[in-house]
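**Q** requesting a structural model of the entry that follows:
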Amino acid sequence: LGAQTGLWRLSEGTKALNVTAKNKMLAGPVYAIASIGSSIFYVDFGKGIVQVLPKTLQAKAAKYHPELEHTVCLAVQQDGTLWAGGQSNGLFHLSSDGNNILEHITESEGLPHNHVRVLLYDHHQRLWVGTSGGGFAHMGSQAFRRYDRSHGLPGARVYALADYKSDRLWISGSQNGLAV
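**A** So this is what the prediction gives:
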């Protein structure tokens with residue numbers, strides 16, 4: 001669990017464990033978590049991406065990238081690489097250890113808005129990107145397919161996305177609640 005007080009681990013039948021208390025490198029507010037195999041990635045403002053091994057609680061910081069300072073969401077691709085979205089710098093594709101920026105996508109490259117709020121891989125392994133002001137989109141083979149008010153979305157700010165296995169996507173926005 002990510003909270004203002006750091007990273008927490010919850011196991012069934014036990015109390016929540018404050019991981020921050022065991023490793024000060026993990027101190028600070030957590031803004032995004034994404035799992036990848038036996039590791040967890042999380043973002044903390046000012047520290048960048050940290051990889052945590054759940055069994056040992058060992059942490060390894062990735063190379064600090066100032067461009068990723070305002071990261072608020074993460075998603076892991078099947079090949080283990082990481083996508084990070086931020087408040088103003090668009091979308092970043094990172095190596096599996098978080099050390100290298102493989103790609104940087106902004107409005108200039110077709111992203112609906114540079115403020116990325118939520119990322120989701122659906123059951124078809126398509127990356128969906130929810131933005132704060134540009135609706136949402138999914139990455140196609142050559143370009144983004146955008147969805148906004150002209151497609152029936154109640155507003156341009158998307159706060160959450162959920163995959164429903166019958167080829168439906170649930171979208172939570174800032175205006176008029178939920179859309180399917």
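
**Q** now the helices for the protein?
**A** 19-22 (DSSP state H).

**Q** low-scoring stretches of it, by residue?
**A** Along the chain, segments meeting pLDDT under 70 span 37-39, 41, 43-47, 175-180.

**Q** what do you get if the cut-off is 90, keeping everything else the same?
**A** 1-72, 76-81, 86-88, 96-99, 121-126, 135, 139-180 (pLDDT under 90).

**Q** gap between the two ends of stretch 102-111?
**A** Counting by CA to CA, to the nearest Å, you get 16 Å between the two ends of stretch 102-111.

**Q** got a list of contacts for that stretch?
**A** Residues from elsewhere that reach stretch 102-111 (CB atoms under 8 Å, 6 or more residues apart in numbering): 67, 81, 89-95, 113-114, 129, 131, 134, 137, 143-144, 146. C-beta coordinates here come from the backbone N, C-alpha and C atoms, glycine included.

**Q** tell me which of those fall in strands.
**A** Residues of the contacts of stretch 102-111 located in strands (DSSP state E): Leu91, Phe92, His93, Leu94, Val129, Thr131, Ala137, Phe144, Arg146.

**Q** pull the most distant pair out of the residues you listed.
**A** Leu94 and Arg146 (23.4 Å; CB to CB).

**Q** those two: who's more crowded?
**A** Leu94 (25 against 18; other CB atoms under 10 Å).

**Q** what residues are up against the more buried one?
**A** Neighbouring residues of Leu94 by CB under 8 Å, 6+ apart: Ile49, Ala62, Thr81, Leu82, Trp83, Ala84, Asn100, Ile101, Leu102.

**Q** is it correct that the fifth one is in contact with Thr71?
**A** No. In this structure Trp83 lies outside contact range of Thr71 using CB atoms under 8 Å: 10.2 Å.

**Q** joint contacts of the two?
**A** If you check Trp83 and Thr71 against CB under 8 Å, 6+ apart, the residues they both contact are Phe92.

**Q** and which of the ones in strands among the contacts of stretch 102-111 is nearest Gly173?
**A** For the ones in strands among the contacts of stretch 102-111, the nearest to Gly173 is Thr131 (10.6 Å; CB to CB).

**Q** bridge partners for that closest one, pull those for me.
**A** Val116 (DSSP bridges).

**Q** my guess is it contacts Leu91, does it?
**A** No. With contact defined as CB under 8 Å, Thr131 does not reach Leu91; the gap is 9.4 Å.

**Q** who touches both of the two?
**A** Leu111, Val116.

**Q** thanks a lot, catch you later.
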